[in-house]
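Q: what would the 3D arrangement of this be:
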Amino acid sequence: MLQALSESGCRLAVASSKPEVFVKKVLDHFGIEKYFSVVVGSGLDGSREKKEEVVAEALRQLGILELSEEERRESCAMIGDREFDIQGARAWKLTGVGVRYGFAAEGELEAEGADAIAGTVEELKEILLTGQVKG
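A: Below you'll find the model as predicted:
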């Protein structure tokens, strides 16, 4: 999926609440760091503790914050497996896509108002490549 998204011209970023140093180690361990233009996490010094702060920094590095709210929503999706990811998307007027194959409790993504929910990686790829959003 990451390769297909990259080849289609998507710029990918990681915006994690986990410490950035560890996020980079995980990406490196799995050999997928090459697919991500930007990797942002929290700081070991306590900086960027809130999801909204992490997302803001990733968007800043991608040049997305300069876009209007409508342009952001149309051109950028935040994908995540918890309510905090959908909240981060909403805070910055992005499309929020939830994935069921993570840690969310049943109904959590729906309750938070995800714009789309994917049950599999293949479904997520389809949503992102076609721009289709279905709840």
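Q: all contacts plus neighbour counts: C-alpha atoms, from now on.
A: Noted.
Q: and Leu65, how far from Gly9?
A: Per C-alpha to C-alpha, to the nearest Å, Leu65 is found 19 Å from Gly9.
Q: so these two - more neighbours on which side?
A: Each of Leu65 and Gly9 has its neighbours counted (other C-alpha atoms under 10 Å); Leu65 has more, 16 against 9.
Q: run through the helices of this protein in chain order.
A: Along the chain, counting by DSSP state H, helices occupy 2-7, 20-29, 51-62, 69-75, 83-91, 108-112, 121-130.
Q: including distance to Val39 and mean neighbour count, could the ones you listed go into a markdown table?
A: Shown next, in a markdown table, are the helices of the chain (distance: least, C-alpha to C-alpha, whole Å; neighbours: other C-alpha atoms under 10 Å):
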| stretch | distance to Val39 | mean neighbour count |
| --- | --- | --- |
| helix 2-7 | 14 | 13 |
| helix 20-29 | 7 | 15 |
| helix 51-62 | 7 | 20 |
| helix 69-75 | 18 | 14 |
| helix 83-91 | 15 | 22 |
| helix 108-112 | 24 | 17 |
| helix 121-130 | 19 | 15 |
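Q: so which of these gets nearest Ala13?
A: helix 51-62 (6.9 Å; C-alpha to C-alpha).
Q: next, the angle from the closest one to helix 83-91.
A: Computed by axes from the mean of the first three to the mean of the last three C-alpha atoms, to 10 degrees, the angle separating helix 51-62 from helix 83-91 equals 60 degrees.
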